[in-house]
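Asks: build me a structure from this.
(one chain, ligands or ions: 2)
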Amino acid sequence: MKLLLGQTLGFSDSPFDLGIEAATFERRGGVVVDGGMIIATGTADVMRATYPQAQIIDYGDGLITAGFVDAHVHYPQTGIIASWGKRLIDWLNSYTFPEEMRFADPAYARKMADMYLDLVIDNGTTTIVTYATIHPASVDAIFEAAAARGMRVVAGKTCMDRNAPDGLCDTAQTAYDQSKALIEKWHGTGRATYAITPRFSPTSTPEQLSALGALWSEHPTCLMQTHLSEQVDEIEWVKSLYPAARDYLDTYEQHGLLGANGLYGHAIYLEDREKDRLREVDASLIHCPTSNTFIGSGLFDMGGLMADGHRIGLATDTGGGSSFSMLRTMAATYEIGQLRGRPLHASELYWLATAGSARAIRMDDKIGNLRAGNEADLVVLDLASTAAIAQRASRAKTIWDALFATIMMGDDRAITATWINGVPRS
Ligand code: GUN
Ligand code: ZN
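Replies: Residues are numbered from 1 along each chain as shown. Ligands and ions are numbered 1, 2, ... in the order given. Next up is the predicted model:
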């Protein structure tokens, strides 16, 4: 049993609903960890007195919170992050697809999976939801690499049967068969969760979408992840490929791919009907701000969609996103909010990167919060990690002001420790 001491921050509710009243902060707090679980949280004094047998790890002024939950990434795009000058469709064809072809080699897939997970752990991220490539071995690679680190990870084989290179295409039937075999192998094994993964409507035939919709109805506890309304040209293309569809979302809905366990990445240019349906079924929208600015996609309406009651998670979208860091991702969320006239509070940003993302991927009963009974996936932040941040933080009068400086200017140097399943991993 271990007792971590420091400043502690958790949430009893969403700050989008309750403001800072939704947060639980202790200036001198303690987190008791045992057997991979959070056993108790409270003031340092009470925790010391209640658990005298615990081994103490004192992080001083470090801020202990739940680890970050990155709700949409492409681990196979690690090698092509920050590739210059293209918008979505050209970016996929020029950079992404050639790199994803390399994952036909299982040894390369495993090497990149290991490299990627080490990078995100160094950035304080403890759970990722990732696309693999078309190759089943690329799914094995990420789940095996995650198991070696004790990480709770969601992943799925990316399915495409048109508008991609031959080497990256399966069929409706092989997409179904291979995804089903992977579900049977991985879903619920240790900390692995499977996500059925049609890349997006332009790279699937209606037959493939239907096959994956059927698979989801046969395995309803799986998540389903895809892309939705990211760029204007993409939406026009979808309309031409699916002339009978009412809108982009309808291309999924008509094929059994709209549901509560669905994760819809980007969702920037939603029509009213799409918003209504997404809210009715309580599906999750995943905001990927560094991707949306980097690929030139547009400005997600966080304020409006939250006010309307949507379930929203936060993600890097590596490597369309330009960072592995959820701190940088929170900063970009703030910047996009400013451009839309809705500056998000530090509590809202931090909630999105932890409890909000966990809620979006339907795991808020397990991860994403500093709460007894949750799994012990934690990050410890240094709120004075650089001279620039330290001088700003020294003027801060509240934890929110101090935390905001690290959100806006922090990077992996701000990560003092990342605990996964009760074990310090960096
Ligand atoms: N839409 C379809 N595939 C992708 C992808 O790999 N990245 C992003 N950002 N958008 C996509
Ligand atoms: Zn994506």
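
Asks: drop to CA atoms for contacts and neighbour counts, all remaining ones
Replies: OK.

Asks: identify each buried residue in the longest helix along the chain, please.
Replies: As assigned by DSSP state H, the longest helix anywhere in the chain is helix 106-122. If you call a residue buried by 16 or more other Cα atoms under 10 Å, then helix 106-122 has these buried ones: 106, 109-110, 112-114, 116-122.

Asks: let me have these in CSV, adding pLDDT as columns.
Replies: CSV is the format used below for the buried residues of helix 106-122 (pLDDT from 0 to 100):
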residue, pLDDT
Pro106, 98
Ala109, 98
Arg110, 98
Met112, 98
Ala113, 99
Asp114, 98
Tyr116, 98
Leu117, 98
Asp118, 98
Leu119, 98
Val120, 98
Ile121, 98
Asp122, 98
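
Asks: in those, find the pair that's most separated.
Replies: Using Cα to Cα, the buried residues of helix 106-122 span at most 24.4 Å, a distance reached by Pro106 and Asp122.

Asks: which of the buried residues of helix 106-122 lies closest to Leu381?
Replies: Distances from Leu381 to the buried residues of helix 106-122, taken by Cα to Cα, are shortest for Asp122, at 11.5 Å.

Asks: nearest to ligand 1: which residue in the stretch 201-350 of the chain?
Replies: Per Cα to the nearest ligand atom, Gly320 is where the stretch 201-350 of the chain lies closest to ligand 1, at 4.6 Å.

Asks: and that residue, backbone torsions?
Replies: The phi and psi values for Gly320, taken as degrees, to the nearest 10, are phi -70, psi -40.

Asks: cool, the one 10 residues further on as well?
Replies: According to degrees, to the nearest 10, the main-chain angles of Met330 amount to phi -60, psi -40.

Asks: mind starting the numbering at 21 from now?
Replies: Sure, I'll start counting at 21 from here, so that last one is Met350.

Asks: count residues in the vicinity of it, would you?
Replies: Residues within reach of Met350, counting by other Cα atoms under 10 Å, total 28.

Asks: returning to what we had before: how far away from the center of its chain is the longest helix of the chain?
Replies: 16 Å (Cα atoms, centre = their mean, to the nearest Å).

Asks: counting by contacts, list what that helix packs against.
Replies: Judged by 3 or more Cα pairs under 8 Å, 6 or more residues apart in numbering; DSSP states H and E, the packing partners of helix 126-142 are helix 156-168, strand 435-440.

Asks: what's the angle between whichever helix or strand comes after that helix and helix 156-168?
Replies: Once the chain leaves helix 126-142, the next helix or strand it forms, by DSSP states H and E, is strand 145-151. Interaxial angle, strand 145-151 versus helix 156-168 (axes from the mean of the first three to the mean of the last three Cα atoms, to 10 degrees): 170 degrees.

Asks: who does strand 145-151 pair up with?
Replies: Sheet partners assigned to strand 145-151 using DSSP bridges are listed as strand 88-94 (parallel), strand 172-176 (parallel).

Asks: got a list of contacts for it?
Replies: The contact list for strand 145-151 (Cα atoms under 8 Å, 6 or more residues apart in numbering) reads 87-96, 140, 171-178, 217, 345-346, 397-399, 438-440.

Asks: okay if I get the buried residues of helix 126-142 as JSON lines plus distance to ligand 1?
Replies: Putting the buried residues of helix 126-142 into JSON lines (distance: Cα to the nearest ligand atom, whole Å) gives the following:
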{"residue": "Pro126", "distance to ligand 1": "20"}
{"residue": "Ala129", "distance to ligand 1": "16"}
{"residue": "Arg130", "distance to ligand 1": "19"}
{"residue": "Met132", "distance to ligand 1": "16"}
{"residue": "Ala133", "distance to ligand 1": "16"}
{"residue": "Asp134", "distance to ligand 1": "20"}
{"residue": "Tyr136", "distance to ligand 1": "16"}
{"residue": "Leu137", "distance to ligand 1": "18"}
{"residue": "Asp138", "distance to ligand 1": "21"}
{"residue": "Leu139", "distance to ligand 1": "19"}
{"residue": "Val140", "distance to ligand 1": "18"}
{"residue": "Ile141", "distance to ligand 1": "22"}
{"residue": "Asp142", "distance to ligand 1": "23"}
